[in-house]
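>>> next input, structure requested:
(2 chains)
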Amino acid sequence: NAGVMQNPRHLVRRRGQEARLRCSPMKGHSHVYWYRQLPEEGLKFMVYLQKENIIDESGMPKERFSAEFPKEGPSILRIQQVVRGDSAAYFCASSPSGMPNTGELFFGEGSRLTVL
Amino acid sequence: AQSVTQLGSHVSVSEGALVLLRCNYSSSVPPYLFWYVQYPNQGLQLLLKYTTGATLVKGINGFEAEFKKSETSFHLTKPSAHMSDAAEYFCAVLYSSASKIIFGSGTRLSIRP
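Below is the predicted model:
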């Protein structure tokens, strides 16, 4: 499967625990975007990364959230000390080059986080 | 602020009827425009996109959209709805100075038998 791979698909955490969401972009793609989808809402941009660099994190909450895209391995979105309001679907998307050159994103199937 | 607005969070049509999903953007400079579809428990899939050139864009599954600069709109249409079209549809924009695609709030399309 050469598509964008996200895992886990479903994650349940208790308040105060940490959540780690992983994303492997499509083969040949070096640009990764994370979006959050709250129930009954659209997708909200969180962060845009290239290998080893954060390009745009204007949509990331100031506290508890972090993202990385190391030279080797998947991109990781980390949420520390989760709260119930973090319950959402988190989507990763990749592109072969940065915007606006291609203008198309390829999405994974999402990771659905539930905080009890 | 640059944004994209989808009118109607839920649209219901009969099978075989015309589908019209509305999208307007806010910018004096035409952006790149997209429509994505999301089926239940899945990621988003690109339906079609407008970058430059012909203002009527044809996409997959019989959908098309027309870029109208004077109306700052990019409405999505399909002449005859099929049950398999039931999904959530997102309009999205990419401005030339931006590094990210901005999505609308989505329109859930239901098809009545």
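
>>> quick one, strands of chain B?
Secondary structure of chain B (DSSP state E): strands at B:4-7, B:10-14, B:19-25, B:32-38, B:44-50, B:56-58, B:64-68, B:73-78, B:87-94, B:102-103, B:107-112.

>>> now those in TSV, with distance to chain A, mean neighbour count and mean pLDDT?
The C-beta positions use only the backbone N, C-alpha and C, and glycine is treated the same way. Shown next, in TSV, are these (distance: least, CB to the nearest CB, whole Å; neighbours: other CB atoms under 10 Å in any protein chain shown; pLDDT from 0 to 100):
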stretch	distance to chain A	mean neighbour count	mean pLDDT
strand B:4-7	8	18	91
strand B:10-14	10	14	96
strand B:19-25	12	19	96
strand B:32-38	4	23	93
strand B:44-50	4	20	92
strand B:56-58	12	14	95
strand B:64-68	13	18	95
strand B:73-78	13	21	96
strand B:87-94	5	24	93
strand B:102-103	4	22	90
strand B:107-112	9	17	96
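
>>> with distance to A:Arg84 added, can I get the ones you listed in a markdown table?
Formatted as a markdown table, the strands of chain B follow (distance: least, CB to CB, whole Å):
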| stretch | distance to A:Arg84 |
| --- | --- |
| strand B:4-7 | 27 |
| strand B:10-14 | 26 |
| strand B:19-25 | 32 |
| strand B:32-38 | 24 |
| strand B:44-50 | 25 |
| strand B:56-58 | 41 |
| strand B:64-68 | 38 |
| strand B:73-78 | 35 |
| strand B:87-94 | 24 |
| strand B:102-103 | 24 |
| strand B:107-112 | 24 |
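
>>> which one of these lies nearest to A:Asp86?
Among those, the nearest to A:Asp86 by CB to CB is strand B:102-103 (19.5 Å).

>>> so in that sheet, which strands flank the closest one, and in what orientation?
strand B:87-94 (antiparallel) (DSSP bridges).

>>> how near is the closest residue to chain A within chain B to A:Cys23?
Proximity of chain B to chain A (CB to the nearest CB) peaks at B:Gly43, 3.5 Å away. Using CB to CB, to the nearest Å, B:Gly43 is found at 11 Å from A:Cys23.

>>> tell me the bridge partners for B:Val11.
Going by DSSP bridges, B:Val11 forms beta bridges with B:Leu109.

>>> then A:Val47?
Assigned bridge partners for A:Val47, using DSSP bridges, are A:Trp34.

>>> likewise for B:Ala92?
With DSSP bridges as the rule, B:Ala92 is bridged to B:Phe34, B:Phe103.
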